[in-house]
Every structure is written in C-alpha cells, then in structure tokens.
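Asker: Got a predicted structure plus its sequence, pasted below:
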Amino acid sequence: MKPVPKTFAVKSFGCQMNVYDGERMAELMTREGMTPADASDADLIVLNTCHIRERATEKVFSDIGRIRKDRRAKDGRGPMIAVAGCVAQAEGEEIIRRAKVDVVVGPQAYHNLPKLVAEAAAGTTALDTDMPVGSKFAALPARRTVGPTAFLTVQEGCDKFCTYCVVPYTRGAEVSRPFAAIVDEAKALVDAGAREITLLGQNVNAWEDTDGRGLHDLIRTLDRIPSLARIRYTTSHPNDMAQGLIDAHRDVESLMPFLHLPVQSGSDRLLKAMNRSHDRTSYLQLLDRVRAARPDIALSGDFIVGFPGETDADFEETLRLVDAVGYAQAFSFKYSPRPGTPAADMADQIAPDVMDERLQRLQAALNRDQLAFNESAVGRICDVLIERPGKFAGQMLGKSPWLQSVLVDSAFAIGDIARVELTAAGPKSLTGRQLVAAAA
Ligand code: SAH
Ligand code: SF4
Ligand code: F3S
C-alpha cells in the first residue's frame, strides 16, 4: 500500500499530442485535489512516453530506475509511478512485469487516471490500455489557464500504416472529435489567455465530421473567435490535403502561413515501400498548389534516412527533392526498426555508419535552406507573438507568422503581438526592431 498522492508531476516526451495529453492529465489531477510539484519531490510521477524511435522502452526503464534511486536517497521511499503514452500502450504488461510500476495507462484511457491511482494506492497494480471511442474528452475537466499559445487535439489515431511507424498501433484508428466540442474548447482556451491555437492530430488534415465538414470549415469557424489571433495545425498527411484547406491558406487571415507536410523520402521506390501513398511528383505538385494559394508559405517536413533498401541513388533523390522545395525548417531521423511494424522485418537493413553519413548530408542541406529562408525574411515587416523573455534583460522572444523565433528588444509583455521589422537572421532565429507601441 502507498499513501494516496497529494502532489504530482507529469513528464511528457515525444510529439505535441503528448504535450497536450500531459496538460490534460495535469488538469484532471488538479480537479481531483492534487497539486503540481517538481518531479524531485512529487508523490506521483507520470511518465508520458513516446515510442516512435530507438530504444524508447529502454529509456523508460532507465528513467524509472533513476527516479527511484534519487528519491530513495532523498526521502527514503519512492514516489508512485504511472507510465502513460505510447510506450504504455505498446508495452504495458512488460513495463509492469519488469519495472513493477504502480499504474500503466494508454493514450485513450487517461481520463481514468484518478481511478487507477486510487487502485494503486489500495495496493493493486492498475493497467488500462483500452481504446474506447469518444469517452475520454467528455470525461476531462474544462481548460483553465494557458499561455499565449495553446495546443488543441482535434483528431487522434492513424489509418495510414506507413510500414515503419508504430502510431497506428499505439494510438489506434483515426477518430475526429466533434465540431462543437472543439469550438467550445477553443473558446475556453482563448478565455484562459490563448492568442494562438495549434490544432493537433496525427493526421490533423484528415479531420472530418459526420456532416461532411473538413478541417478548413473548422478553421473558418475558429477564425471568428474574437481575440484568437493565430491558428496553426499539425501534422498533415499529403493525401489528406484537400483543396478547401489550401484555399483557407489564401482567405483566412488568422491561419498562419506555415505547413508541416512530411514527405519522408524523395525516392518513389522507397515511398512505395514505406506505403506512403504519395509519390515525389504528386507531393511537389501539391506544394505548387499550396504556394499558388499562399506564396509566402513556410514549408516544413519530416525525413527518414536509411529505410531498408535505401540505395545511394534513392538518397540522392531525397537531396534533390530538398533542393527543389527549399524547406523553411524540417526534421530528419535515422530509420529505427519498430517491433511489430512491417519494415522491421524487411531485408537490406542499412548499416549505422551509412545512416550517419546520410543524415549528416541531409541535415547540412536542410540547415542551409533554413538559413536561406531566414535571411530572405530580413527586411519584412510582420507581427510577432511574444511568448517569453529572451536571454538578456529587456529582450523578448516570440514567433513570426512563419514560425521563426524572433528576438525583440522592447517592453512587450507575454501575449502581446508586436509589429516588428526583421533586421537580421541566423540559422535558428532572427532579430526584430519594434515599429509601433504594443497593440495587445
Ligand atoms: N503522422 C505524421 C508523423 C508522425 S511521427 C506523419 O505521417 O507525417 C513523426 C515522424 O517520425 C514521422 O514523420 C517520421 O519522419 C518519423 N518516424 C516515424 N517512425 C519512424 C521510425 N520507425 N524511424 C525513424 N523515424 C520515424
Ligand atoms: Fe505514422 Fe504514417 Fe500514420 Fe504518420 S501517416 S502517423 S508516419 S503511419
Ligand atoms: Fe511518440 Fe506516440 Fe507521439 S509514439 S510521436 S508520443 S503519437
């Protein structure tokens, strides 16, 4: 038996959807009367885990070991430990068997966390990795305080089954939340201080409702919320990029000119082996249509190097695609075989040193393009949403419409929208000069 926890800490790893889930778990436990605390002395620690790449499970075990060791040294007994997120979903039984944690809860079941914690306090190990449709969000408390930027999950799960990816297994089938529930949550976030909302989903642009409305209809409705200045969405799949959404980039002022559209590879042969359902040409044509609607749009992507069977020629195709697109920013990863996915059993797994070398070359190209994109923005006048203080006194850090970090020397407050001229660019950020007084 462990005492019923009075304080908690949530540590989230992985994607923005996990960050969102972590916030909702924190709100839930606050409603239950627990108070947030530092992980170094909380009674309950929730590890909200990610399973997307490399040794994720081992990392969870080593985190658990370290927390227990530190805390035993400090106060003689370990905290209650709950493992949530995608590793919990994929490896729940194994985690209980090996690490003897108190609670394991999957991404679709965390509304049950208080009940599971109570069971654990009563002495049973509690596991819930069910995937009931639709019950989680209704059971969660309303959104309370947030900063100037907020995440809002509108769509969960994935039906795409790319051959390298665990998400369809850890997050289940594609499910869209109802229109009205999303609009209500967006209003609550704005009331709580959000000026920008990022709509989230593993395939956010697959969002649709039973009345046939798509993500662009949702965006056009959210655009009408007074004092919601900015709307973003991520992550999109090329195959779900409807013309209506592209048109929204032309018409909706609060929809920011930024699109994260992962391509993974520039080689048609590999895209097929990955089961990506787009090819190089269709992807580039899609980007042409997006740029026709919103010429200044900043493009972002994800890449995998070293997918099984990737030849030098395949990789060169990826570099050529990067050159053709000119990404404003991008993420690139070494292929990591995930247990249970088709690619893990494919022949021709690529040697680690080949992957290292390809990743370095790809990242050099992407960094070059990111710097070029930032430099091309110098001289522009734009709004910067102030998010936090910069490194030095009097300096604030915010985001441009194109999701660049911008440092502004000014007396702006967090949440202000600063009218700024971009004056200098580096690879990761720009500096801006304030043009007029803050218009919050
Ligand atoms: N739904 C989104 C991305 C989800 S995962 C999409 O399809 O774009 C985020 C990124 O992780 C992917 O875009 C991919 O680049 C990377 N990724 C996924 N599985 C991986 C694996 N097994 N090895 C390496 N990178 C992987
Ligand atoms: Fe994974 Fe592909 Fe689904 Fe993205 S679309 S989550 S990469 S299976
Ligand atoms: Fe990771 Fe799960 Fe997100 S595997 S990337 S936390 S959907």
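Answerer: Yep, it's here. Ligands and ions are numbered 1, 2, ... in the order given.
Asker: quick check: mean pLDDT across the strand or helix carrying residue 406?
Answerer: With elements delineated by DSSP states H and E, residue 406 resides in strand 405-409, which encompasses its position. For strand 405-409, the mean pLDDT works out to 95.
Asker: Now for the closest residue to residue 401 other than its chain neighbours: which residues touch it?
Answerer: Nearest non-adjacent residue to residue 401, counting by C-beta to C-beta, 6 or more residues apart in numbering: residue 256, 5.0 Å away. (Each C-beta comes from the backbone N, C-alpha and C, glycine too.) Residues in contact with residue 256 (C-beta atoms under 8 Å, 6 or more residues apart in numbering) are 196, 230-232, 401-403.
Asker: Ligand 3 contacts on this structure?
Answerer: By the criterion of C-beta under 6 Å from any ligand atom, the positions of the chain lying close to ligand 3 are 14-15, 17-18, 50-52, 85-86, 166-167, 170-171, 202.
Asker: Now, the residues you listed that are in helices?
Answerer: Those of the residues of the chain next to ligand 3 mapping onto helices are 17-18, 85-86, 167, 170, per DSSP state H.
Asker: ok, so of these, who is nearest ligand 3?
Answerer: Distances from ligand 3 to those, taken as C-beta to the nearest ligand atom, are shortest for residue 86 (3.3 Å).
Asker: Hmm, the closest one is touching residue 13, no?
Answerer: No: between residue 86 and residue 13 no contact is recorded; they are 9.1 Å apart, counting by C-beta atoms under 8 Å.
Asker: Moving C-terminal from whichever strand or helix holds residue 365, which element do we reach first?
Answerer: Secondary structure assignment for residue 365, by DSSP H and E: helix 352-377. The helix or strand immediately downstream of helix 352-377 is strand 381-389, counting by DSSP H and E.
Asker: Could you export that following strand as CSV, CA atoms only?
Answerer: This file holds the C-alpha atoms of strand 381-389, laid out as CSV (Å, rounded to 0.1, in the frame of the first residue of the first chain):
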residue,chain,number,x,y,z
ILE,A,381,7.5,43.8,-41.5
CYS,A,382,5.4,41.3,-39.6
ASP,A,383,3.6,40.5,-36.4
VAL,A,384,5.5,38.7,-33.6
LEU,A,385,3.5,36.9,-30.9
ILE,A,386,5.5,37.4,-27.8
GLU,A,387,5.9,34.0,-25.9
ARG,A,388,8.6,34.5,-23.3
PRO,A,389,11.6,36.6,-22.1
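Asker: same question for it, mean pLDDT?
Answerer: 96.
Asker: how about the nearest residue to residue 434, chain neighbours excluded?
Answerer: The nearest residue in space to residue 434 (C-beta to C-beta, 6+ apart) is residue 410, at 4.4 Å.
Asker: that older thread, what would the residues of the chain next to ligand 3 look like in a markdown table with neighbour count?
Answerer: Supplementary listing: the residues of the chain next to ligand 3 in a markdown table, determined by neighbours: other C-beta atoms under 10 Å:
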| residue | neighbour count |
| --- | --- |
| 14 | 20 |
| 15 | 19 |
| 17 | 25 |
| 18 | 21 |
| 50 | 19 |
| 51 | 24 |
| 52 | 18 |
| 85 | 31 |
| 86 | 26 |
| 166 | 24 |
| 167 | 22 |
| 170 | 28 |
| 171 | 24 |
| 202 | 24 |
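Asker: Closest to residue 373 out of the residues you listed?
Answerer: Residue 373 lies nearest to residue 15 out of the residues of the chain next to ligand 3, by C-beta to C-beta, at 23.2 Å.
Asker: okay but the closest one is in contact with residue 51, surely?
Answerer: No: under the criterion of C-beta under 8 Å, residue 15 lies out of contact with residue 51, with a separation of 10.7 Å.
Asker: What separation do you get for residue 398 and residue 406?
Answerer: For residue 398, the distance to residue 406 equals 6 Å [C-beta to C-beta, to the nearest Å].
Asker: what's residue 71 in contact with, if anything?
Answerer: By C-beta under 8 Å, 6+ apart, the contact set of residue 71 is 40-41, 77-79.
Asker: Need the max-distance pair from those.
Answerer: When C-beta to C-beta is used, the two most widely separated members of those are 40 and 77, lying 14.0 Å apart.
Asker: Neighbour count: the two, which is higher?
Answerer: Applying other C-beta atoms under 10 Å to residue 40 and residue 77 shows that residue 40 carries more neighbours, namely 13 against 10.
Asker: The more buried one belongs to a strand, doesn't it?
Answerer: No: assessed by DSSP: H, G, I helix; E, B strand; the rest coil, residue 40 does not belong to a strand; its assignment is coil.
Asker: how about the residue in the stretch 201-350 of the chain that ligand 2 sits nearest to, phi and psi?
Answerer: As assessed by C-beta to the nearest ligand atom, ligand 2 sits closest to residue 202 within the stretch 201-350 of the chain, at 4.6 Å. Note on residue 202: backbone dihedrals following degrees, to the nearest 10 are phi -60, psi -30.
Asker: that older thread, can you pull the residues that touch both of residue 398 and residue 406?
Answerer: Counting by C-beta under 8 Å, 6+ apart, the shared contacts of residue 398 and residue 406 are residue 384.
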